[in-house]
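Q: Quick one: sequence plus predicted model below, questions after.
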Amino acid sequence: MRSVEAIPIPALAGGSPGARLAAGTAALAGRLADLLEEALPGGGEHSAARDFLRAMARAPGEPHAVPADNPLDRLVAGFGLSPVESDLLFLAGLPEEHEGYAGVLRTLHPRGEPRPTAGLSAQLLCASGEERRLLRRVLETGPAARAGIVRLGEEGPFWERTLHPAEGIWSALHGSDAWPAQVRPAGGPVALEGLRPWLAGPAAWLARAALLSGEPRTLLVTADAEELAHQRGAALVAAAGWEAMRVLLPAAPTPELERLVSVHAVARGAVPVLRVAVPEGSGAATAPELAGHPGPVVVCARTGSVAVRGPRPVLEVPAAPLTPSARAEMWRDLVPEASEHATALAMRYTVEPETAAAAAGDARSLAALEGRRPTVEDVGRGVRTRAGLGLSSGVRLLRPTARWNQLVLPPGRTSQLREALDRLVNQARVLDEWGFLAGRPGARGVRMLFSGPSGTGKTLSAEVMAAELGVDLLLVDISRVVSKWIGETEKNLAEVFDVAENAQAVLFFDEADALFGRRTEVSDAHDRYANLETAYLLTRLERFEGLAVLSTNLRQNIDPAFLRRIEFVLEFEEPGPDERAALWERHLPPGAPLDPDVDPRELAALYPVVGGLIKNAAVAAGFLAAAEGSPITRRHVVRALRREYDKSGRAFPGLPAGMAAP
């Protein structure tokens, strides 16, 4: 073929990737002008095209040398492209380089397309029939064709088929961060804070060695969550000194998509780090092979969700969540201004370094606006903003504001709530230093059951615990989670648990007996699938890495298998007279205009109601008094209480002594 001799592409063509492409296309423009002169001499309609091509061929390039790490050179070296294939890439890229080239090519195309054809490439590059046969083989099965760098259209006879560059590759060769429509890039800067112990572990150490070797190999990074695996895969690549090209892939990517990812990764000098999205419960998907990729590929997925096939060697790299000591180190590195609180931050927020780094940046920005140092509360606000994935159907988020002084419970109940919080705070010592529950899934989770009548403080207690931990409260609407369709309930529950773990929130199931009820004898298909839902819940609750609270009015309806997996069971009883008096004092604010005839102890003695009804009655009494333009009197409170008795279907005990009927 004549390409090496007739189309010399200077090794030092300019000072930028774009200059290299301009020089290559200019050399082709000159050769194309010569071809038009030979085939279509004289004036005519092609005279202007020849003049334009010769002008482009004579245009001076930038006077500086091409950087050694040039996208085009990476592509040529990575896929082993021959000089002919380089010329084919330049030819296919002509219309991408300048609109004038596209106009010339449109006049030469048999169907009027602004692109070159296989036949035009043969006329430019081949001097004999044998060379045309060789060119045909290159266009059909050469490295550039197999990788999808240069591809032929589907229409027309072979030599009239259109030559295309890989989608988006010309922009990438210019050094632009443009992407094909099919490729979904993900992620920002890679954060390594807190990952030192994991990176030094045997699996990660081998993975880094494999990356440093540069050999074609698949590294399968697995974790309980896809996002965790994806962040760790990028961290592995960064720790090995490579650029990570993070991409989101569907469960079954097409071969064309895999080729695009491979080509763009090589042009960018990056290692593809692929997150494979496989819906939970849908079975194992096949991991992307990127069979012709000339270097390592990192596939990131949920544990057990993908199967790796193909001839490439595979190395699995498990990624467990960071230990509390590693998280404390992470927070010390990210927020040195609050390093004394690093352990507390580690216990509260079990996030990965990337989320933590973003939250730390948010905290610093907020503190700078106010001219002060960032605080733990600033960091917590950033974590809540950054860590959430959006709420699934059936989940409502509550920003907790309740505090311990708003809870009126017997001392034993309050001490149990504090003990549960201590279990979360002291995990570093008990689980890591002392080695309890080593390797057990869900060991860092705490599961609680609150049982008792409505209005006795179950939801408020969960809110207080969330506020104490500095996280949000996720309230699960059971009616919207349970579905009549087979498999939908498990899917909805998986989303609920994933949201809670990623948003670092307390998960609260109200009326939990609807979900966590006793399993039944199997008499039909409905019973069988209901029992399957219960079995799924048992497994998922047991490995939940957070605080989960189940609330029920009927403890006896909860399946005993759940009770064995719950660390704290608290019975919320109806308050006694002293607790009711304290509740009236809590719910009648000090700033409210209260008449002296309102006696909390009298109300507590006469009306044995739960805290929820006391709160409702106190608020209603305030509105009744405001409507009359008077202070809140005993008459307003009793009237509001009678309404609460009527709403709950209970007999009203009567009026206080000496009080006239309203």
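A: Looks like it came in fine.
Q: can I see the domain layout of this structure?
A: Per the record's domain assignment (automatic domain parsing), the chain is made up of the domains 3-173, 184-318, 327-387, 404-571, 577-647.
Q: now these in CSV, with mean pLDDT and distance to residue 653?
A: To be clear about C-beta, it is placed using only N, CA and C from the backbone, and glycine gets the same treatment. Listed next are these as CSV, based on pLDDT from 0 to 100; distance: least, C-beta to C-beta, whole Å:
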stretch, mean pLDDT, distance to residue 653
domain 3-173, 85, 77
domain 184-318, 92, 53
domain 327-387, 87, 45
domain 404-571, 79, 17
domain 577-647, 92, 6
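Q: Quick one: those domains as CSV, columns for mean neighbour count and distance to residue 661 too.
A: Shown next, in CSV, are these (neighbours: other C-beta atoms under 10 Å; distance: least, C-beta to C-beta, whole Å):
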stretch, mean neighbour count, distance to residue 661
domain 3-173, 18, 82
domain 184-318, 19, 61
domain 327-387, 20, 51
domain 404-571, 18, 27
domain 577-647, 18, 10
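Q: okay, these in TSV with distance to residue 660 next?
A: Compiled in TSV, the domains of the chain are given as follows (distance: least, C-beta to C-beta, whole Å):
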stretch	distance to residue 660
domain 3-173	84
domain 184-318	64
domain 327-387	52
domain 404-571	29
domain 577-647	9
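Q: Show me the one of those that comes nearest residue 658.
A: Closest of the domains of the chain to residue 658 is domain 577-647, at 9.9 Å (criterion: C-beta to C-beta).
Q: can you map out the helices along the stretch 401-550 of the chain?
A: For the stretch 401-550 of the chain, applying DSSP state H, counting those that start in this stretch gives helices covering 411-425, 427, 458-469, 478-481, 488-502, 525-542.
Q: which residue is nearest the middle of the protein?
A: residue 227 (4.9 Å; C-alpha atoms, centre = their mean).
Q: which SSE is that one in?
A: Using DSSP states H and E, residue 227 maps to helix 226-239.
Q: On the C-terminal side of that helix, identify the next helix or strand.
A: The helix or strand immediately downstream of helix 226-239 is strand 243-249, counting by DSSP H and E.
Q: which other residues reach that following strand?
A: Strand 243-249 has contacts (C-beta atoms under 8 Å, 6 or more residues apart in numbering) with 183-187, 190, 230, 233-234, 237-238, 257, 261, 264-265, 268-277, 288, 298.
Q: List the strands paired with it, with their directions.
A: Partner strands and pairing direction for strand 243-249 (DSSP bridges) are strand 184-185 (antiparallel), strand 270-276 (parallel).
Q: Kindly reformat the helices of the stretch 401-550 of the chain as TSV containing distance to residue 30.
A: As requested, those are arranged in TSV below (distance: least, C-beta to C-beta, whole Å):
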stretch	distance to residue 30
helix 411-425	72
helix 427	71
helix 458-469	71
helix 478-481	68
helix 488-502	57
helix 525-542	67
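Q: And these: which comes nearest residue 587?
A: Nearest to residue 587 among these is helix 458-469; the distance by C-beta to C-beta comes to 11.6 Å.
Q: then the closest one to PDB, C-alphas only?
A: What follows is helix 458-469 as a C-alpha-only set of coordinates in PDB (Å, rounded to 0.1, in the frame of the first residue of the first chain):
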ATOM      1  CA  LYS A 458     -42.600   4.900  70.200                       C
ATOM      2  CA  THR A 459     -42.000   7.200  67.200                       C
ATOM      3  CA  LEU A 460     -40.800  10.000  69.400                       C
ATOM      4  CA  SER A 461     -38.200   7.700  70.900                       C
ATOM      5  CA  ALA A 462     -36.900   6.700  67.500                       C
ATOM      6  CA  GLU A 463     -36.700  10.400  66.600                       C
ATOM      7  CA  VAL A 464     -34.800  11.200  69.700                       C
ATOM      8  CA  MET A 465     -32.300   8.400  68.900                       C
ATOM      9  CA  ALA A 466     -31.800   9.700  65.400                       C
ATOM     10  CA  ALA A 467     -31.300  13.200  66.700                       C
ATOM     11  CA  GLU A 468     -28.700  11.900  69.200                       C
ATOM     12  CA  LEU A 469     -26.900  10.100  66.400                       C
END
